[in-house]
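Trainee: Let me see the structure of the following:
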Amino acid sequence: MMSLDKLKQVREEQNKSYQDLADAIGLTKSAYWMIENGKRGLKYSMAVRIAAALGTTPDSLFLHSELTDEEQEAAR
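Mentor: Numbers count the residues shown, from 1 in each chain. Next comes the predicted model:
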C-alpha cells in the first residue's frame, strides 16, 4: 500500500521546498504539490525520479514500513 506521508517528511528534513523538488524532477510546483498531497496519480517512473532527487529509493518513500520483507518483495 502506498503512503505519501514519508515523502513530505523527507522533503522537509532536507529543507527542500515544493519548488525545489519540482525543479529537480521537471514538474511545475503545482503538479508536484498535487502528487505530494494525493490529488494527482503517481506513475512508477515519477516515483523513481522523486526518490532520486531525494537521494533514496521509491520503496523507502512510498511503501508502508510495516510491510514485511516478503510483502515488500511481492510489491515490486
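Trainee: where exactly do the helices run in the chain?
Mentor: Under the criterion DSSP state H, the chain contains helices at 5-13, 18-25, 29-36, 44-53, 58-62, 69-75.
Trainee: In JSON lines, list the ones you listed along with mean neighbour count and mean pLDDT.
Mentor: The C-beta positions use only the backbone N, C-alpha and C, and glycine is treated the same way. Formatted as JSON lines, the helices of the chain follow (neighbours: other C-beta atoms under 10 Å; pLDDT from 0 to 100):
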{"stretch": "helix 5-13", "mean neighbour count": "15", "mean pLDDT": "93"}
{"stretch": "helix 18-25", "mean neighbour count": "17", "mean pLDDT": "98"}
{"stretch": "helix 29-36", "mean neighbour count": "17", "mean pLDDT": "96"}
{"stretch": "helix 44-53", "mean neighbour count": "16", "mean pLDDT": "96"}
{"stretch": "helix 58-62", "mean neighbour count": "18", "mean pLDDT": "89"}
{"stretch": "helix 69-75", "mean neighbour count": "10", "mean pLDDT": "68"}
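Trainee: contacting residues around Ala53?
Mentor: The neighbourhood of Ala53, defined by C-beta atoms under 8 Å, 6 or more residues apart in numbering, consists of 21, 24-25.
Trainee: Now it: closest residue in space, sequence neighbours ignored.
Mentor: Counting by C-beta to C-beta, 6 or more residues apart in numbering, Ala24 is the residue found nearest to Ala53 once chain neighbours are left out, at 4.0 Å.
Trainee: likewise Thr57?
Mentor: Excluding the flanking residues, the one nearest Thr57 by C-beta to C-beta, 6+ apart is Ala51, at 5.3 Å.
Trainee: Do I have it right that that neighbour meets Ser60?
Mentor: Yes - using C-beta atoms under 8 Å, Ala51 is in contact with Ser60, at 7.4 Å.
Trainee: Quickly note the distance from Tyr44 to Ile50.
Mentor: Tyr44 sits 11 Å away from Ile50, going by C-beta to C-beta, to the nearest Å.
Trainee: Now the common contact residues for the two.
Mentor: Residues touching both Tyr44 and Ile50 by C-beta under 8 Å, 6+ apart: Pro58.
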